[in-house]
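*Asks:* Give me coordinates for this.
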Amino acid sequence: MNNDRFHNYSAGVRDLVLAFESQKIKGERYFDVEQLDIIANFYLDTADAKGLSQVVSQGESLFPASSEIKLHRSHLLSLQGEYDKSLAILKEIEAAEPNNTDVSYSLGMHYSITDNPKMAIDYYLRAATDGYELDLIYGNVADEYYKIHNIEESIRYYKLSIEKNPEEDRSLYNLACTYDEQGRNEESEAFFVQHVTEHPYSKGGWYCLGCVYGWLSLYEKAADAYEYALAIDKTLFNAYLGLSECYRKLGNLGRAAQALHDSLDYADDRAYVFYSLGHLYLENHNFATASVYLHDSVKEDPTFALAWNELGRCCACSGCMDEAAGYFRRAIDLDPDSDENWINLADLYLYIERFEEACSLLESSRLEAVSRFEFDSRLLYCYFKLGRRNRLFSLLQDDAKDFGPLYHSLLTLYPEMQNDVELVNTIEQIGK
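*Replies:* Numbers count the residues shown, from 1 in each chain. So this is what the prediction gives:
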C-alpha cells in the first residue's frame, strides 16, 4: 500500500480510506453518506478513477437518492471523459437544489474543462456565495479570466485569492507569471515585496519574489529570496532549482551544483536533478564530471531521453564519436518526436563526414519534423557532398514555396556551396 498518497491529508481521512479499501478482505463494513463523501473526495483529489468508481457504486446501493453520491457519479463520468452525461446529472441536482454551492462549483469545473470560461466564472462565483474556500474559488475565477484574455480581472482575482489566504501558492505563482507575461515585473516586484513584508513566513511569497528578481536579472536578490523560502521550508524543491540557476547566472558553479545536490532529498524526479548537474558541468566543459552525473540520471530513469541526448553531446565534446552516436540513437528511440534528437545525430554524422548515414537519417525523419528546414538544409548539404545533384535540385524546387527565402543562409552555413556556380544561380533564382 502506497501511503505517500496520504501526504497532506489528515490521519482521519487516511484511516477512513484504508478501512474502505480493506473491507473487501475483512468483510463488509457500513459507511454513512458523510464518510463515503470524504472517501470519494479523496479519490477525486488524487484522480483515482477506480477508487472513485468503487465508492460511488457502494454509495448508490446504500443511498440511491443522495445528492452527494449523485454528485460524485458526475465527477466520475467527468474523469472518464463522459462530459455530457456528467452535465446531465449536475443539471438534475441543480434543478432540485438551486442553492447547492457544491453543485455550482462542480458546474464551474465542468465548464472550465469543456472550454466555456464565461459559464465557468458564473458558476464559480455562485459557489462563492457560501464564503467557503474563497481562496481556491477566486484562483479558479482568475484562471478563467486569463483564458479569455481579460488580464486585469485575472490579476484582480488572483489578488483576492491571496488576500483570503496569503499562503495560496497557486495564485501567488500564477500572479507572478501573469505579470511576467505582460512585461510588468517591476509592478510584480512591488507586490511581492509588500507581500513578504506583511507575511514574512510566506514561503510561496518568497519563492515568487525570487522568480521575479530572476526575470529582472537581479540574481543576487533572487538567490536571497530563494534562501528565505528554503529557510521556511527546506523541502521546497523548486526553490533549489531557482537558487541553482541564480548561482549559474552569477558564474558560481560550486554553489549552483551544491543547490542541486541539496535538492536530492526532496526531489520526486531525481533523474532530472542528476541531468541538471550533468548539464551544468557540460556547460562548463567539465566533460568527465558531466558524464558521471548523466549516467546517474539514466540509471535513475532509463527512459529519460533528454539525459541520453545530453550524454551524446558530452561524448561528442570528448571526441568519443561512436559512443555519442549510440547515445543519440537511444534518445531517438525513446523520443522520436523530438527534432533535437535527430538533428544532434545528423550533425554528428556531418561533423565526422559520414554523409551517407546522415543522408539516410534525415530522409527517414524529415517529413515528421516540426522544423523541417532544419532537416532539409542538412539534407541539401548531404546531397551536395555526395554529388547527388538531381536530388539536390529537386529538393530545392520542392521546398521553394515554404523555405525559398531561407536558401541564402545555406551559402553561409556551408561556404563550400558558394563555389558551385549552378547551385548559387539556382538559389538566386528560386530563393526570393
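*Asks:* rest of the way, CA atoms for contacts and neighbours
*Replies:* Will do.
*Asks:* show me what contacts the closest residue to Ala267 other than its chain neighbours?
*Replies:* The shortest distance from Ala267 to any residue other than its chain neighbours is 6.2 Å, reached at Phe237 (CA to CA, 6 or more residues apart in numbering). Shown in contact with Phe237 (CA atoms under 8 Å, 6 or more residues apart in numbering): Ser263, Tyr266, Ala267.
*Asks:* So Pro98, which state does it fall into?
*Replies:* Of the three states, Pro98 takes coil under DSSP: H, G, I helix; E, B strand; the rest coil.
*Asks:* Please report the distance of Asn341 from Arg354.
*Replies:* 17 Å (CA to CA, to the nearest Å).
*Asks:* Check Asn419 too.
*Replies:* Counting by CA to CA - Asn419 and Arg354 are separated by 22 Å.
*Asks:* Which of those two has more residues huddled nearby?
*Replies:* Arg354 (14 against 10; other CA atoms under 10 Å).
*Asks:* just for the stretch 1-150 of the chain, where's the confidence low?
*Replies:* Counting by pLDDT under 70, the ranges of the stretch 1-150 of the chain that qualify are 1-3, 24-28.
*Asks:* go with 90
*Replies:* 1-13, 15-33, 37, 40-41, 44-49, 58-62, 64-65, 67, 79 (pLDDT under 90).
*Asks:* swap in the stretch 151-300 of the chain?
*Replies:* Checking the stretch 151-300 of the chain against pLDDT under 90 turns up nothing.
*Asks:* now the helices for it?
*Replies:* For the stretch 151-300 of the chain, the helices defined by DSSP state H, counting those that start in this stretch cover 151-164, 169-181, 185-198, 203-215, 219-232, 237-249, 253-263, 270-283, 287-300.
*Asks:* Tell me which of those sits most buried.
*Replies:* helix 203-215 (a mean of 26; mean count of other CA atoms under 10 Å).
*Asks:* what about it, distance to the chain center?
*Replies:* Taking CA atoms, centre = their mean, to the nearest Å, the mean C-alpha location of helix 203-215 is offset from the chain mean by 19 Å.
*Asks:* Apart from its chain neighbours, what residue comes closest to Ser318?
*Replies:* Nearest one to Ser318, counting by CA to CA, 6+ apart, is Phe287 at 6.7 Å.
*Asks:* That neighbour touches Gly319, doesn't it?
*Replies:* No - with contact defined as CA atoms under 8 Å, Phe287 and Gly319 do not form a contacting pair (10.5 Å).
*Asks:* buried set for stretch 422-432?
*Replies:* Leu423, Val424, Ile427, Ile430, Gly431 (16 or more other CA atoms under 10 Å).
*Asks:* Need the residues that contact it.
*Replies:* Phe393, Gln397, Ala400, Phe403, Gly404, Pro405, Leu406, Tyr407, His408, Met417, Gln418.
*Asks:* Show the buried residues in the residues you listed.
*Replies:* Buried, going by 16+ other CA under 10 Å: Phe393, Gln397, Ala400, Phe403, Gly404, Tyr407, Met417, out of the contacts of stretch 422-432.
*Asks:* Check those against Asp48 and report the nearest one.
*Replies:* Within the buried ones among the contacts of stretch 422-432, proximity to Asp48 (CA to CA) peaks at Phe403, which comes in at 47.9 Å.
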